[in-house]
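[1] Need coordinates for the following:
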Amino acid sequence: MASPQRHDLKRYPGFGAVTWACIVLLYAPMLVIMIYSFNELRSITTWGGFSFAWYLKALNNPQLHSATFNSVVVALVAATLGTILALCAALAMTRGRQLKHQSASFALLNLPLMVPEIVTAIGSLVFFLAIGIQLGLSTIIIAHTVFCIPFAYLPIAARLQGLEGYFEEAARDLYATRWETFRYVTLPLTMPGIISGYMLAFIVSLDDFIITNMVAGPGATTLPMAIYGMVRTGFTPEINAISTMMLLVSALFVSASYLISRRGASS
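    Predicted coordinates:
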């Protein structure tokens, strides 16, 4: 019986043109922002020479210092809690007994990825108001933790699924307890997936605006919220500089997450 032919999408007419059109539409605006962040003039349309002045102004802005601190604290706590919960879920799904409704459990874990973010934001706000929790950094952390779980879960689960069961079996044959097997065998082997998931969760939390804007209280301004407030009062190259720095940090974390996950998969 002849094996089915594999179709190469790159050979379809128009595929390359559509791909390049999508790339231009996605990345051209970001490139324009990066270029004009070095503009010496205040104008965002007229080039007046190369300068780092707007980066220096952004770095010396006390309001941005406070917002950045809040964003980093929220991202660190939310990513840590989300990664721990994702690791527990991944262990239960891949190393525990077969769950009765495993498909439904998997769908529930990944629900934040499928539900529109504005729906998650409104639902979180209604929930906090209904149970009487005062809005602030704590509510942002809780909402971000839930939202970050699937981003941390997917790399961890993929890593666990790629591990052969005989590693744990060998440890148990050597009289290791379940905790010792997890600590000395499963956890080190899963670490690339854990680090990759943590980095994804961290950058998702750091960049989030919609959920944060809904559940933030007085004095709980994060960096995306501060940028939005600055845009409402007038667009300047300072905003371009902040956006460029956030874009570079996001690209660095996503790239590092991908490389760590890929290196872990090949090891």
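
[2] Quick check: phi and psi at the closest residue to residue 38 other than its chain neighbours.
    Spatial nearest neighbour of residue 38, chain neighbours left out: residue 50 (5.3 Å); criterion: C-beta to C-beta, 6 or more residues apart in numbering. For glycine as for every other residue, the C-beta is placed from the backbone atoms N, C-alpha and C. When read as degrees, to the nearest 10, the backbone of residue 50 gives phi -80, psi 130.

[3] gap between the host helix or strand of residue 180 and the chain center?
    Assessed by DSSP states H and E, residue 180 sits inside helix 178-181. Mean-position distance between helix 178-181 and its chain equals 30 Å (C-alpha atoms, centre = their mean, to the nearest Å).

[4] tell me what it is packed against?
    Counting by 3 or more C-beta pairs under 8 Å, 6 or more residues apart in numbering; DSSP states H and E, the packing neighbours recorded for helix 178-181 are helix 166-173.

[5] The longest helix anywhere in the chain packs against which elements?
    For the chain, the helix that runs over the most residues, judged by DSSP state H, is helix 62-94. Secondary-structure packing of helix 62-94 (3+ C-beta pairs under 8 Å, 6+ apart): helix 102-109, helix 137-161, helix 187-207, helix 223-233.

[6] Out of those, the one nearest residue 123 is which?
    Residue 123 lies closest, by C-beta to C-beta, to one member of these: helix 137-161, at 9.4 Å.

[7] which of the residues in that closest one are buried?
    Buried residues in helix 137-161, counted by 16 or more other C-beta atoms under 10 Å: 137-160.

[8] Check stretch 244-260 too.
    The neighbour-count check on stretch 244-260 (16+ other C-beta under 10 Å) flags 244-246, 253, 257, 260 as buried.

[9] do stretch 219-233 as well
    For stretch 219-233, the neighbour count (16+ other C-beta under 10 Å) marks 220-227, 230 as buried.

[10] try stretch 200-215
    Buried-residue list, stretch 200-215, by 16+ other C-beta under 10 Å: 200-208, 211-215.

[11] Adding distance to residue 183, write those out as TSV.
    What follows is those, written out as TSV (distance: C-beta to C-beta, whole Å):
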residue	distance to residue 183
200	24
201	22
202	24
203	28
204	28
205	27
206	30
207	33
208	33
211	34
212	35
213	40
214	39
215	36
